[in-house]
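Asks: Show me how the following folds:
(one chain, ligands or ions: 1)
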Amino acid sequence: MSTNTVLLKAIRLPVYCPTAVTVAVSKRMALLRILVIIWASLAASHSQAEDIQTNTLYKIIVKPSGRPAAVHLARILAEDDDGSYLIEEQSGQQQLVSAVASGGIQATGQPFQAWTKEQVAEDLLKRFPQGFKTHSSKHFVIVYNTTDAYAKWNAVLFERLHKAFYAYWKRFGAELHEPEFPLVSLIFESRDDYLKYAAEEKVQGAENMIGFYSMQTNRIATYDLTGVEGMIPDGQRLSTTELVNAILRQPAAERSVATVVHEAVHQISFNSGLQQRLALHNPVAISEGLAMYFESPDLRSSSGWNGIGNVNKYNLALFRHYLSNRPSNSLITLIQDDTRFQNAQTVNSAYGEAWALSYFLAKTRPKEFTAYLTDLATRPLTTVNDDKQRISDFQKHFGADLAKLDREFLKFIARQ
Ligand SMILES: [Zn+2]
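Replies: Predicted coordinates for the structure are as follows:
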């Protein structure tokens, strides 16, 4: 019951993406500030750059203050000359090891290899209390303590999305690769379990959201949105069809399905090469717009989702509401930095406009939109987060005359 209450509350809040709003802003900013320094120093000191082999497995000793030392097996994505590292573990998790906590590194002499689904599942089961199970599909590992049927429904939905996502971008010339790491989705039985996990991961604002994707852990976390837990007699399981019907009958179904799909789009984007994690030159408006472009549910379909690029009525309404007060430089402020996503007063309209912009670009300029995304995704992380750089990247692909583009944008959205 409490699940339903929360859901209804959530649909009036910006439930979408904590990736952008919390994790990206706090942790990612700190990280990239260091990365920028790192790469500048590597350029100056060539021999240092040659010391680190990017696809080699290293033993990294971490000594966090007040806690016992730990050894991480990982590859090193970047190094600072003060001795801090950005590392990526075999599970796909990334973390920054500060100079203070760093206890040294040793090459193992072995190449870096991502874990298999079985290794990832085994590792996560050790982390969670008894009662958690895993379900694997072709690309996803679902770790859950809710019903088997709900976990399977998620896996089917994610695989369907994965297939549609790759097919969609291929049409417009994107060269995507298979995810290097198994894609992990954690599904908690209750909102309390989910909030506890979010607190452990230091994700802020989780109480206002029904799911999130973390760029650091590379995992999605949600909780069972059906409200059926505890309502099923012991020993009984709902079949997937019954379960889907139970989900879709709920008043908040549209947003529930949208949120699950939204977070999975982030995960697939960042693991297929369409976008890169930790890239500050990538506007939050673009990541969020992309996720919203794909999320629109189709409640008439058997899974609740049936495709890409439907009009997102929820976000269209947010954007229309914003139009009466929309300043003439709105497109520029949306792209040049992420501040509109960080302010409670402006976040809703920023999401609405981000959806509208992605919808406009994808429908009217799909090849240019794909080329723009590819340009951002293939650029080294060295790029400084520079407002002017973001605008010139945008102009490079969509034309220098942003006032003209803005007029076409508004005209196009007015017809939807
Ligand atoms: Zn999002």
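
Asks: who's in contact with stretch 284-292?
Replies: Here stretch 284-292 makes contact (CB atoms under 8 Å, 6 or more residues apart in numbering) with 16-17, 19-20, 24, 262-263, 265-266, 269, 274-275, 312, 315, 334-335, 338, 340-341, 350-351, 353-355, 357-359, 373, 376. Glycine gets a C-beta too; all of them are placed from N, C-alpha and C.

Asks: which of those residues are buried?
Replies: Taking 16 or more other CB atoms under 10 Å as the criterion, what is buried in the contacts of stretch 284-292 is 16-17, 19-20, 24, 262-263, 265-266, 269, 274-275, 312, 315, 334-335, 338, 340-341, 350-351, 353-355, 357-359, 373, 376.

Asks: If you count neighbours, what's buried in stretch 95-112?
Replies: 95, 96, 97, 98, 101, 102, 105, 112.

Asks: just the CA coordinates of it, formatted as CSV?
Replies: Taking C-alpha atoms only, stretch 95-112 is exported to CSV below (Å, rounded to 0.1, in the frame of the first residue of the first chain):
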residue,chain,number,x,y,z
GLN,A,95,35.9,5.0,-8.3
LEU,A,96,38.3,7.7,-7.4
VAL,A,97,41.1,6.8,-5.1
SER,A,98,42.4,9.9,-3.5
ALA,A,99,46.1,10.4,-3.0
VAL,A,100,45.6,10.3,0.8
ALA,A,101,43.9,6.9,0.6
SER,A,102,46.2,5.4,-2.1
GLY,A,103,48.5,2.7,-0.7
GLY,A,104,50.2,2.1,-4.0
ILE,A,105,49.6,0.1,-7.2
GLN,A,106,51.1,-3.1,-8.6
ALA,A,107,50.7,-4.5,-12.1
THR,A,108,49.5,-8.1,-12.0
GLY,A,109,50.9,-8.9,-15.5
GLN,A,110,47.5,-9.9,-16.6
PRO,A,111,45.1,-8.1,-19.0
PHE,A,112,42.0,-6.5,-17.6
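
Asks: Check the offset of that stretch from the chain's centre.
Replies: Here stretch 95-112 is found 26 Å from its chain centre; the criterion is CA atoms, centre = their mean, to the nearest Å.

Asks: Equivalent analysis for stretch 254-273, please.
Replies: On CA atoms, centre = their mean, the centre of stretch 254-273 falls 7 Å from that of its chain.

Asks: looking only at pLDDT, what's the mean for it?
Replies: Averaged across stretch 254-273, the pLDDT comes to 89.

Asks: now swap in stretch 345-362 and tell me
Replies: Averaged across stretch 345-362, the pLDDT comes to 95.

Asks: now swap in stretch 119-126 and tell me
Replies: pLDDT averaged over stretch 119-126 gives 97.

Asks: try stretch 148-161
Replies: For stretch 148-161, the mean confidence score works out to 88.

Asks: Please compute how far it lies from its chain's middle.
Replies: Centroid separation for stretch 148-161 versus its chain: 18 Å, with CA atoms, centre = their mean.

Asks: Tell me the secondary structure of the residue nearest in space to the middle of the chain, please.
Replies: Centroid-nearest residue in the chain, with CA atoms, centre = their mean: residue 266, separated by 3.4 Å. Following DSSP: H, G, I helix; E, B strand; the rest coil, we place residue 266 in the helix state.

Asks: what about the closest residue in space to it that isn't next to it in sequence, distance to residue 315?
Replies: Once flanking residues are discounted, residue 266 sits nearest to residue 213: 4.1 Å by CB to CB, 6 or more residues apart in numbering. Using CB to CB, to the nearest Å, residue 213 is found at 18 Å from residue 315.

Asks: For residue 133, grab phi and psi.
Replies: phi -130, psi 170 (degrees, to the nearest 10).

Asks: My read is that it contacts residue 147, right?
Replies: No: counting by CB atoms under 8 Å, residue 133 does not reach residue 147; the two are 10.1 Å apart.

Asks: Comparing these two, which shows the higher neighbour count?
Replies: For residue 133 versus residue 147, the count of surrounding residues by other CB atoms under 10 Å is larger for residue 147: 20 against 14.

Asks: ok, residues contacting the strand or helix carrying residue 374?
Replies: Taking DSSP states H and E as the criterion, residue 374 maps to helix 366-377. Residues outside helix 366-377 that contact it (CB under 8 Å, 6+ apart) are 169, 171-175, 273-276, 279, 281-282, 286, 290, 358, 361-362, 393-394, 396-398.

Asks: For the nearest residue to residue 173 once chain neighbours are set aside, give its distance to the ion.
Replies: What sits nearest to residue 173 in space, not counting adjacent residues and going by CB to CB, 6+ apart, is residue 370, at 5.5 Å. Using CB to the ion, to the nearest Å, we find residue 370 at a distance of 20 Å from the ion.

Asks: next one: residue 95
Replies: Counting by CB to the ion, the gap from residue 95 to the ion is 21 Å.

Asks: Run through the residues that contact that residue.
Replies: By CB under 8 Å, 6+ apart, the contact set of residue 95 is 72, 86, 87, 89, 216.

Asks: Repeat the analysis, applying 10 Å as the threshold.
Replies: When contacts are counted by CB atoms under 10 Å, 6 or more residues apart in numbering, residue 95 touches 27, 31, 60, 62, 72, 74, 85-89, 216-217.
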